[in-house]
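Engineer: Everything below, folded, please.
(one chain, ligands or ions: 1)
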Amino acid sequence: MEPEASWIDHCHDDIAKTGGNFDSFSEISDDSNKETAVISVDLILPDDLLERILSYLPVASIFRAGSVCKRWNEIVTSDRFLWHFSDMLSQKPWYFMFTGSDEPIGYACDPILRKWYSIEIPEIRSSNWFVSSSCGLICFMDNDSRSELYVCNPITKKWRQLEEPPGLKFADYSALAISVSRISRCYSVAIVKSKQVPGNFFQWDLSIHIYDSGTMIWAISLNEVLTGWRGGDESVICDGLLYFMIYSTGCGTQEDRHGLLTYDLSGRSSHGSLMKTFIPVPCPITCGRLMNLKEKLVMVGGIGKPDRHDIIKGIGIWVLKGRVWQEIARMPHKLFQGFGEFDDVFASRGTDDLIYIQSYGAPSLLVFDMNQKQWKWSPKCPVTKRFPLQLFTGFCFEPRLEIAP
Ligand SMILES: *[C@@H]1O[C@H](CO)[C@@H](O)[C@H](O)[C@H]1NC(C)=O
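Structural biologist: Prediction:
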C-alpha cells in the first residue's frame, strides 16, 4: 500500500494549493455534481455547529478540513475548537514505526482510518533513542550520552528540550517514562538509571530522577544499591506510581529472572527499601513490556516454555490489581504464528485501550483492543525489509492537537 502523502506538510503549505489531494473531501464533491447540497449546508451552518461537527473527525481529517477554505481553517485552528476537540473520545492511539534502523524516519498508523502516514518527528536523530508517551506528548532521549531529552507533540510538531538530567552520565541501563496530567496538563518525566558497582558483579547502583514541568527542575529522588538485581529499560508511570522492571543478575532461581518495583512519585511512601515493593511476574517470561492503559498497569509478556524459560511459546497480557497480576488475554496461537519467526524479545506499546505488538524482525503490527477483547492486524506498513538483520521498533501515542510541551 502506498503511504499517504504527509498531511502534516499540507497544513504548513499554502492552503489554497492543496485542494485536490484529500480523499475524504474529494469523495463528497465527486458524487455531487449536485454541489448545491454541500455548499448550502456549509453556508447555513453557524460556526459553533460546524465546529461541533468537525470535532468528530479523526485527527488526520481535521488537518484536511483546515485546507478546505478559510472559514474551516479558522475554526479548526482556534483555541476553542482545540479544547472542545480534546473532549471528544473518538481518537484512538496511533503507532509510529521507525522504518530505518538508524534514520529516525517512519510512518504512523491511524487505527480508525486504517492508514499509514509519513510523519516526521522533530529533533529525534536515531531510531534507537528512548521514547515514552502520555496524553499526546512523547518524550525522547538519546542513547549515547543519555542527556539530550525532548518533549514533543508529534502531530503539531511543537517541541521543547529539557534540561539535562542529573546523576550518572554513563549508566549501563536507563529507563524513561513520561506522564501528563489530563487536568493540569503538567507532566512528569522519570529516568531510572542503573550502573554496576565497580568490581562487584551482584551489586547495582540504581537512581531515580524526576522532572516536573511545573517547576521545570529535576529532583534526585532516590539512590539505592540492589543486590542480585539490576534495572533495565522498561518503565511506565500509572496513577502517580512509577513502575519499572528489574532483572536478575544470575544468583536467583530461573523463575525469578524478572520482577517489578514501584516508586511513589509524590515521594510519600518512599521510605525504606525499594526492594520492599518487589512484585514477582506472574509466570516465567522471556521479556515484559509495561504500559499505562487508562491509569492501570498492564504488562505484555512473552511466556517461556516450561522447560526453557528463555524460549517464547506465546504472549500473555496481564493487568496489575493491587499486588497481583490478573491475566486478561492470551494471543491466539494462529496470530502468534502469523508473525513468522517470533523472537523471544519483542516490542509492545499501548495506551488508552489499545495494545500494539510487533516483532523486531518484521513490520507486521498486531493490535489488541482491551474493550472488545479483540485482536486485529494493522494494515500493512508501507515499508519493506531491506536487509536480513533490519530491526523494526516503534511507539504509540495519542494524536492530540491541543496539548503542547
Ligand atoms: C540503546 O543502545 C543499545 C546499544 O546499542 C541497545 O542495545 C538498546 O536497545 C538501545 N536502546 C533503545 C531504547 O533502543
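Engineer: Any idea which residue of the stretch 201-350 of the chain lies closest to the ligand?
Structural biologist: residue 233 (5.6 Å; Cβ to the nearest ligand atom). C-beta here means a position set from N, CA and C on the backbone, and glycine is covered the same way.
Engineer: low-scoring pLDDT stretches of the stretch 251-400 of the chain, where are they?
Structural biologist: Low-confidence segments of the stretch 251-400 of the chain (pLDDT under 70): 251-255, 268-271.
Engineer: re earlier: what residues are up against the residue of the stretch 201-350 of the chain closest to the ligand?
Structural biologist: By Cβ atoms under 8 Å, 6 or more residues apart in numbering, the contact list for residue 233 reads 130, 173-176.
Engineer: what does the stretch 1-150 of the chain have sitting close to the ligand?
Structural biologist: Taking Cβ under 6 Å from any ligand atom as the contact definition, the stretch 1-150 of the chain meets the ligand at 128, 130, 143.
Engineer: Buried among those residues? Need that as a selection in ChimeraX.
Structural biologist: Those of these that count as buried under 16 or more other Cβ atoms under 10 Å are selected in ChimeraX with:
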select :130
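Engineer: pLDDT and distance to residue 210 for the residues of the stretch 1-150 of the chain next to the ligand - can I get that in a markdown table?
Structural biologist: A markdown table is the format used below for those (pLDDT from 0 to 100; distance: Cβ to Cβ, whole Å):
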| residue | pLDDT | distance to residue 210 |
| --- | --- | --- |
| 128 | 91 | 24 |
| 130 | 96 | 16 |
| 143 | 93 | 21 |
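Engineer: Go through the residues of the stretch 1-150 of the chain next to the ligand and flag which are in strands.
Structural biologist: Applying DSSP state E to those, the entries found in strands are residue 130.
Engineer: now, which of the residues of the stretch 1-150 of the chain next to the ligand sits nearest residue 200?
Structural biologist: Proximity of those to residue 200 (Cβ to Cβ) peaks at residue 143, which lies at 25.4 Å.
Engineer: So that closest one sits against residue 124, correct?
Structural biologist: No - the criterion here is Cβ atoms under 8 Å, and residue 143 misses it with residue 124 at 10.8 Å.
Engineer: Spell out, range by range, the strands that occur in the stretch 301-405 of the chain.
Structural biologist: All strands of the stretch 301-405 of the chain, identified by DSSP state E, counting those that start in this stretch, fall at 312-321, 324-330, 347-351, 354-358, 366-369, 374-377, 394-397.
Engineer: Let's have those strands in TSV, adding mean neighbour count.
Structural biologist: Conversion of these to TSV gives the following (neighbours: other Cβ atoms under 10 Å):
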stretch	mean neighbour count
strand 312-321	19
strand 324-330	14
strand 347-351	24
strand 354-358	24
strand 366-369	20
strand 374-377	13
strand 394-397	26
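Engineer: domains of the chain?
Structural biologist: Under the assignment automatic domain parsing, the domains of the chain span 7-87, 94-397.
Engineer: so how far is the last one from its chain's centroid?
Structural biologist: When you say that, I think you mean domain 94-397. Chain-centre distance of domain 94-397: 8 Å, with Cα atoms, centre = their mean, to the nearest Å.
Engineer: how much space between the residue of the stretch 201-350 of the chain closest to the ligand and residue 276?
Structural biologist: 23 Å (Cβ to Cβ, to the nearest Å).
Engineer: what sits against the closest residue to residue 194 other than its chain neighbours?
Structural biologist: Leaving out its chain neighbours, the residue that sits closest to residue 194 by Cβ to Cβ, 6 or more residues apart in numbering is residue 231, at 3.4 Å. Counting by Cβ under 8 Å, 6+ apart, residue 231 touches 173, 175, 192-194, 204, 206, 244-247.
Engineer: Take those and keep only those in strands.
Structural biologist: Members of those lying in strands (criterion: DSSP E): 173, 175, 192-194, 204, 206, 244-247.
Engineer: Residues of the stretch 201-350 of the chain that sit close to the ligand?
Structural biologist: Going by Cβ under 6 Å from any ligand atom, the residues of the stretch 201-350 of the chain near the ligand are residue 233.
Engineer: so where do the helices sit in the stretch 201-350 of the chain?
Structural biologist: Remark: helices assigned in the stretch 201-350 of the chain by DSSP state H, counting those that start in this stretch are 333-338.
Engineer: returning to that earlier point: of all the strands of the stretch 301-405 of the chain, which one is nearest residue 156?
Structural biologist: Taking Cβ to Cβ, strand 394-397 is the member of these nearest to residue 156, at 12.1 Å.
Engineer: do that closest one and the ligand meet?
Structural biologist: No - if you take Cβ under 6 Å from any ligand atom as the test, strand 394-397 misses the ligand, and the best it gets is 9.8 Å.
Engineer: contact partners of that strand?
Structural biologist: Strand 394-397 is contacted from outside by 93-98, 106, 131-133, 136-138, 154, 347, 349-351, 354, 356, 358, 365, using Cβ under 8 Å, 6+ apart.
Engineer: ok, it: who's next to it in the sheet?
Structural biologist: Strand 394-397 has the following strand partners under DSSP bridges: strand 94-98 (antiparallel).
Engineer: Which positions within the partner strand qualify as buried?
Structural biologist: Buried residues in strand 94-98, defined by neighbour count with 16+ other Cβ under 10 Å: 94-98.
Engineer: Who are the contact partners of the residue in the stretch 301-405 of the chain that the ligand sits nearest to?
Structural biologist: As assessed by Cβ to the nearest ligand atom, the ligand sits closest to residue 393 within the stretch 301-405 of the chain, at 6.6 Å. Applying Cβ under 8 Å, 6+ apart, we find residue 393 in contact with 97-98, 127-128, 347, 358, 360.
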